[in-house]
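# Have a look; sequence and predicted model below, questions after that.
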Amino acid sequence: MKQEDLRYAKTHEWVAVSEEGGTQIATVGISAFAVEALTDLVFIELPAVGKQVEAEQPFCEVESVKAVSDIYAPVDGEVVAVNTALPDALETLSNDPYGAGWIAKIKITNDAGLANLLDYSAYQKQCQE
Amino acid sequence: MNEAFPCQLIIDPPADGAWNMALDEALLQFAAEEGIASLRFYQWQTPTLSLGYFQQYEDRQNHPPSLGAAVVRRQSGGGAILHDREITYSISLPKMHPLAKDAQSLYNTVHKTIATILEGHLPQGHRVSLFEQDLAAGNEEPFLCFQRRARGDLVYQLIEDDSPMAAKKILGSAQRRSRGAVLQHGSLLLERSLFSPELPGLNDLSGISLTRAALIEELRTKLLQALYLYDSLCEINPNVYPSAHRCYNRKYGNALWTKRHLTHGVL
């Protein structure tokens, strides 16, 4: 996915919204900026499929050599898929953060959270502040 | 010049491990909600093993010397630490603080400040420095934090033997980052503990006799300065305590939390 086409949370998650069978699905990952700031990643705790998540609440955690960080859900919904390849290949988050480094897919039950997301240029500006 | 941030300076008496961890989490939340930083020095009522957030409880069986110690789980990552004859600190910074943005800057700033203070006490021929290599981390990392090495760890060695193998880690820190704030806590080993006899402290290695109280006097001043903080608040804000009690009851004082079992990568 092209980073220019994605939307971003202030907490550095990226979101791609697609339509699948009449429902909206949000694919979520973390930005290259966030991966770099976290330094070397060593562990990820993915959410369980079926977990109900709330916009702007933590739904996943990632550990780097220095820190444990929360990853926040950008929308209300239900986790319908997780990238089970990630825990054994965390370098994917650095090498392909907007593609193979996706973390979870969320079936959106309330898309109000989407209105709070930034477009690419606004997110780039936030990262430079 | 950076703006100075208000800070609670806290020097705590000994407490049990669960309370120590609960208060650190409450201070992180306080920094996020109120924009007020904290610099805290604390002690442990009894020798206590703190597990990294993602470590398996069962793995402590692989370290027999610490089996008799109390145990708690941290909210920060990394390896297990046996807290006994050490100085333990925590720093909570709100997200608008310039050092809250990336993990390595805060780590290095705190460790360099402590290194400068320690250098002033060491005899000739001894030195402390920041470990400069990036070692690949993986699943085979040692159980104990002080047997791991990461860029920015503070290590001790004799000047005449500067090989990486001769470097002994004496200060390790770990962070928890949330949306609104970052917590960094760490341990400076002063003396070897009976519960982790393989880990000498700074006094054992250098032959000096630094005391906890004297070092904290130096650390508090220099760390406040290095972190652009001023200690306008000499007591913990009372609003922190209800949050700390909640963290204690739900997490750190609860055996289910301490012993939680992680399946690899997926909860």
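Perfect, thanks for sending it.
# only C-alpha atoms for contact and neighbour calcs from this point on.
OK.
# which bits of the stretch 1-150 of chain B sit near chain A?
B:53-54, B:75-78, B:101-104, B:137-138, B:150 (C-alpha under 8 Å from any C-alpha of the partner chain).
# could you flag which of these are buried?
If you count burial by 16 or more other C-alpha atoms under 10 Å in any protein chain shown, the buried members of the residues of the stretch 1-150 of chain B next to chain A come out as B:53-54, B:75-78, B:101-104, B:137, B:150.
# As TSV, those residues with pLDDT and secondary structure would be great.
Converted to TSV, these look like this (pLDDT from 0 to 100; DSSP: H, G, I helix; E, B strand; the rest coil):
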residue	pLDDT	secondary structure
B:Tyr53	93	coil
B:Phe54	91	coil
B:Gln75	95	coil
B:Ser76	95	coil
B:Gly77	92	coil
B:Gly78	92	coil
B:Lys101	85	coil
B:Asp102	82	coil
B:Ala103	85	helix
B:Gln104	89	helix
B:Ala137	52	coil
B:Ala150	88	coil
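# Take those residues and write them to TSV, including distance to A:Gln24.
Shown next, in TSV, are these (distance: C-alpha to C-alpha, whole Å):
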residue	distance to A:Gln24
B:Tyr53	34
B:Phe54	33
B:Gln75	34
B:Ser76	35
B:Gly77	35
B:Gly78	38
B:Lys101	33
B:Asp102	34
B:Ala103	35
B:Gln104	38
B:Ala137	38
B:Ala150	42
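# Let me have the residues of the stretch 1-150 of chain B next to chain A in CSV, adding distance to A:Gln52 as columns.
As requested, these are exported to CSV (distance: C-alpha to C-alpha, whole Å):
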residue, distance to A:Gln52
B:Tyr53, 23
B:Phe54, 22
B:Gln75, 23
B:Ser76, 25
B:Gly77, 25
B:Gly78, 29
B:Lys101, 29
B:Asp102, 30
B:Ala103, 30
B:Gln104, 33
B:Ala137, 32
B:Gly138, 31
B:Ala150, 36
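# Out of these, which comes closest to B:Gln29?
Lowest distance from B:Gln29 to the residues of the stretch 1-150 of chain B next to chain A (C-alpha to C-alpha) belongs to B:Gln75, with 12.5 Å.
# Show me where chain A has its helices.
A:32-38, A:91-95, A:120-128 (DSSP state H).
# What's the separation between B:Ser193 and chain A?
Plainly put, B:Ser193 is 25 Å away from chain A if you go by C-alpha to the nearest C-alpha, to the nearest Å.
# And B:Glu25, what's its pLDDT?
At B:Glu25, the model reports a pLDDT of 97.
# element containing it, please.
Element membership for B:Glu25 (DSSP states H and E) is helix B:17-34.
# Could you tell me how far that helix lies from the centre of the chain?
14 Å (C-alpha atoms, centre = their mean, to the nearest Å).
# So which elements touch the next helix or strand after it?
Of the helices and strands lying after helix B:17-34 in sequence (DSSP H and E), the nearest is strand B:37-44. Where contact means 3 or more C-alpha pairs under 8 Å, 6 or more residues apart in numbering or on different chains; DSSP states H and E, strand B:37-44 is packed against strand B:5-15, helix B:17-34, strand B:86-94, helix B:212-226.
# Next secondary structure after strand B:37-44?
Next element after strand B:37-44 (DSSP H and E): strand B:48-51.
# That following strand packs against which elements?
strand B:70-73, strand B:81-83.
# could you dump these to CSV with mean neighbour count?
Below are the helices and strands packed on strand B:48-51 laid out as CSV (neighbours: other C-alpha atoms under 10 Å in any protein chain shown):
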stretch, mean neighbour count
strand B:70-73, 25
strand B:81-83, 25
